[in-house]
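[1] quick one, structure for this:
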Amino acid sequence: MSELATGMPPVIAVDGPAASGKGTVAAGVAQRLGFNYLDSGSLYRLVALQAIRTGTPPTAMARLADLAANLDVSFRDGVILLGGGDATDAIRDEAVSAAASLVAVHPGVRAALFERQRAFRRPPGLVADGRDMGTVVFPDAIVKVFVTASAEERARRRYKQLIAKGISVTMESLVRDIRERDERDKGRAAAPLKPAADAAILDTTDLSIEAAIDRVRSLYRAATGQ
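    Below you'll find the model as predicted:
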């Protein structure tokens, strides 16, 4: 039975690897539809940031799960607050990104954040962006999309972002880091990165953001008639 038939707010699940464009696409779809938006990756980044700030190693599973369960976080008008302080830019730091991938492999962390993510499902609907939105958190999503792109294209996008911030990096190191992160995400025991069985695959390597957003909206229209 569909979400619309049960009266539950519809969910569009947008999953994919780092720098695939899934966040930009998901946020754009949410804006166009007037839906709520969940950047689930930010929650894991916040746990990683808190772990770095408290000196918690990425192998301390129990301590990491406790940090996740007790995160003092709120989202307001595009600003992410951690403990009352603005963490919007801090969670995009490369060190935090790398730590988030390590933190996310722990089942205790994922369990602590599970219900918090599901609470974002409110009227009129939700676009959820992450790595296991369609497979684990919202398996009943009315539309599931797995956004991908070549490792080289993803590295190029990340390179442009970092250079614009004045951060010196090389393309070679970014390609290597992205491939290593992909392997970690695909190989983890808890909610490995993979498309849902009923997900549409959206390759953005040679696709504009607008075109990608339009494709997801078309999938939603096809599924709902709206």
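
[2] all contacts plus neighbour counts: C-alpha atoms, from now on.
    Will do.

[3] bridged to the residue nearest the centre of the chain, which residues?
    In the chain, the residue lying closest to the centroid (Cα atoms, centre = their mean) is Gly130, at 2.7 Å. On the basis of DSSP bridges, Gly130 is bridged to Asp15.

[4] let me see the ranges of the helices in this protein.
    3-6, 22-33, 40-54, 61-69, 94-103, 107-118, 151-164, 171-187, 209-224 (DSSP state H).

[5] nearest to Gly83, out of the ones you listed?
    Closest of the helices of the chain to Gly83 is helix 40-54, at 9.7 Å (criterion: Cα to Cα).

[6] let me see the contact set for Lys194.
    When contacts are counted by Cα atoms under 8 Å, 6 or more residues apart in numbering, Lys194 touches Gly16, Arg131, Asp132, Lys186.

[7] now with 10 Å, please.
    If a contact means Cα atoms under 10 Å, 6 or more residues apart in numbering, then Lys194 has Asp15, Gly16, Pro17, Arg131, Asp132, Gly134, Thr135, Phe146, Asp185, Lys186, Gly187 as its contacts.

[8] give me the pLDDT for the first one.
    Reading off the per-residue confidence, Asp15 sits at a pLDDT of 96.

[9] doesn't Asp129 make contact with it?
    Yes: the pair Asp15 and Asp129 passes the contact test of Cα atoms under 10 Å, sitting 5.8 Å apart.

[10] as a markdown table, the helices of the chain with mean pLDDT, distance to Pro195 and mean neighbour count would be great.
    Shown next, in a markdown table, are the helices of the chain (pLDDT from 0 to 100; distance: least, Cα to Cα, whole Å; neighbours: other Cα atoms under 10 Å):
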| stretch | mean pLDDT | distance to Pro195 | mean neighbour count |
| --- | --- | --- | --- |
| helix 3-6 | 55 | 20 | 11 |
| helix 22-33 | 94 | 13 | 21 |
| helix 40-54 | 94 | 16 | 21 |
| helix 61-69 | 94 | 25 | 18 |
| helix 94-103 | 88 | 18 | 19 |
| helix 107-118 | 91 | 18 | 17 |
| helix 151-164 | 90 | 17 | 17 |
| helix 171-187 | 87 | 10 | 16 |
| helix 209-224 | 97 | 15 | 16 |
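
[11] rebuild those helices as JSON lines, extending it with distance to Ala87.
    What follows is the helices of the chain, written out as JSON lines (distance: least, Cα to Cα, whole Å):
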{"stretch": "helix 3-6", "distance to Ala87": "34"}
{"stretch": "helix 22-33", "distance to Ala87": "18"}
{"stretch": "helix 40-54", "distance to Ala87": "8"}
{"stretch": "helix 61-69", "distance to Ala87": "15"}
{"stretch": "helix 94-103", "distance to Ala87": "11"}
{"stretch": "helix 107-118", "distance to Ala87": "18"}
{"stretch": "helix 151-164", "distance to Ala87": "18"}
{"stretch": "helix 171-187", "distance to Ala87": "23"}
{"stretch": "helix 209-224", "distance to Ala87": "26"}
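
[12] out of the ones you listed, nearest to Ala141?
    Per Cα to Cα, nearest to Ala141 of these: helix 3-6, 7.5 Å.
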